[in-house]
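# Predicted coordinates and the sequence they were generated for:
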Amino acid sequence: MKLVNKTSQDMSQIMPFAKDLCSFAQKRMGFNRPPTIFLDSDTENAQNTLGKTAHYQPDKDIVTIYIDNRHPKDILRSIAHELVHHTQNCRGEFEAAPPTEPGYAQKDEHMREMEREAYEVGNMCSRDWEDQRKKQLNETIYKRRVIKGDNAMSLKDWKNKELNSLLMEKFGYTPKEEDKLEEDLGHDFIDTAATAEKSLPEETLEEDEDEEEVVEETHPSSADQRLKKLESLDEIKLRQLIREKIKSALNKE
């Protein structure tokens, strides 16, 4: 289906979301003809509190969405709503429908039912699409940063930061409250592994090496199996597991 920006406004931010929603809606609603969707501007209409937000032309398969002074999510909801009307048109429900004059949703029972379906199905379609999109985005961020590594902060960097924090606590330094609240991801940190090794007594380092051997024996034998085991843990459990291992090593001093 065609999605056309007829305005002079920059709509590049919303376009990818609108196209993805249209694809989702077509699978959900099952319409068999691709409509044309215009993003349009009408400043006079925008000044009217009860003005139009969108309209559908069943004889041309055209959806028009007015974008002036509207939140992007509201625009997306309007697209989903009008695509329900397009689905109804593909089913032939506009053939015996009266003209959509003001008050049509109150005057004609058939048109009222069509409008009810557009609100119900359109809003739920928009909501389901949004929830799915957020879930996909969160999963992508998690895999990049925690499992596969990212420019923001790798798991190794985070482990070293935790080790440094535990050492400071062990030797009596308490971080300021604002330091504790600092976001773990999205910052560059200095690798503190070498510093941590110098701070521990020699016998502790030897015990760490022994501990490493024991831990290694309990892991799955292959790298693929170890990766699957890490992927099976969520971020909170994974961080807690590493923190417990570090604490256990330090307590043997």
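That came in fine, so what should we check first? Keep in mind the model is a prediction, meaning the values are calculated, not measured. Numbering: from 1, shown residues only.
# tell me the contacts of E93?
110, 114 (Cβ atoms under 8 Å, 6 or more residues apart in numbering). Every C-beta, even on glycine, is put in place using the N, C-alpha and C of the backbone.
# Just confirm N89 contacts D61, I think it does.
Yes. Under the criterion of Cβ atoms under 8 Å, N89 makes contact with D61 at 7.1 Å.
# Which of the two has more residues huddled nearby?
N89 (21 against 17; other Cβ atoms under 10 Å).
# who are the neighbours in contact with the closest residue to the more buried one other than its chain neighbours?
Excluding the flanking residues, the one nearest N89 by Cβ to Cβ, 6 or more residues apart in numbering is P58, at 4.4 Å. Applying Cβ under 8 Å, 6+ apart to P58 gives the contacts 85-86, 89, 94, 97.
# Show me which of those residues are buried.
85-86, 89, 94 (16 or more other Cβ atoms under 10 Å).
# what's the longest helix in this protein?
Secondary structure assigned by DSSP state H gives helix 109-142 as the longest helix of the chain.
# and L3, helix, strand or coil?
strand (DSSP: H, G, I helix; E, B strand; the rest coil).
# Can you tell me the SS state at the spatially closest residue to it that is not a sequence neighbour?
Once flanking residues are discounted, L3 sits nearest to I37: 4.9 Å by Cβ to Cβ, 6+ apart. Following three-state DSSP, the label given to I37 is strand.
# hang on, isn't I37 packed against V4?
Yes. Using Cβ under 8 Å, I37 is in contact with V4, at 7.0 Å.
# which of those two has more neighbours?
Legend: neighbour count by other Cβ under 10 Å for I37 and V4, higher for I37 (25 against 12).
# what separates the more buried one from A118, distance-wise?
Distance, I37 to A118, using Cβ to Cβ, to the nearest Å: 15 Å.
# before we move on, what about I75?
16 Å.
# before we move on, what about N5?
Plainly put, N5 is 23 Å away from A118 if you go by Cβ to Cβ.
# Same check on F31?
13 Å.
# cool, and N48?
The value you get for N48 to A118, if Cβ to Cβ is used, is 21 Å.
# From the neighbour counts alone, determine which of these two ranks first.
A118 (21 against 9).
# and that one, what does it touch?
81-82, 84-85, 88.
# residues touching the closest residue to it other than its chain neighbours, list them.
Spatial nearest neighbour of A118, chain neighbours left out: V84 (4.1 Å); criterion: Cβ to Cβ, 6+ apart. Going by Cβ under 8 Å, 6+ apart, V84 touches 29, 117-118, 121-122, 125.
# How about L21?
76, 79-80, 126, 129.
# which residues of the protein fall in helices?
According to DSSP H, the helices that the chain contains are 15-29, 43-47, 72-90, 104-107, 109-142, 155-170, 177-180, 193-199, 202-218, 223-231, 235-251.
# can you redo the contacts of A118 as a markdown table with pLDDT and distance to M15?
As requested, those are exported to a markdown table (pLDDT from 0 to 100; distance: Cβ to Cβ, whole Å):
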| residue | pLDDT | distance to M15 |
| --- | --- | --- |
| H81 | 97 | 19 |
| E82 | 97 | 17 |
| V84 | 97 | 21 |
| H85 | 96 | 22 |
| Q88 | 95 | 26 |
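# would you turn those residues into JSON lines with distance to K135?
Listed next are the contacts of A118 as JSON lines, based on distance: Cβ to Cβ, whole Å:
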{"residue": "H81", "distance to K135": "23"}
{"residue": "E82", "distance to K135": "26"}
{"residue": "V84", "distance to K135": "24"}
{"residue": "H85", "distance to K135": "28"}
{"residue": "Q88", "distance to K135": "30"}
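# out of those residues, who's nearest N164?
H81 (53.4 Å; Cβ to Cβ).
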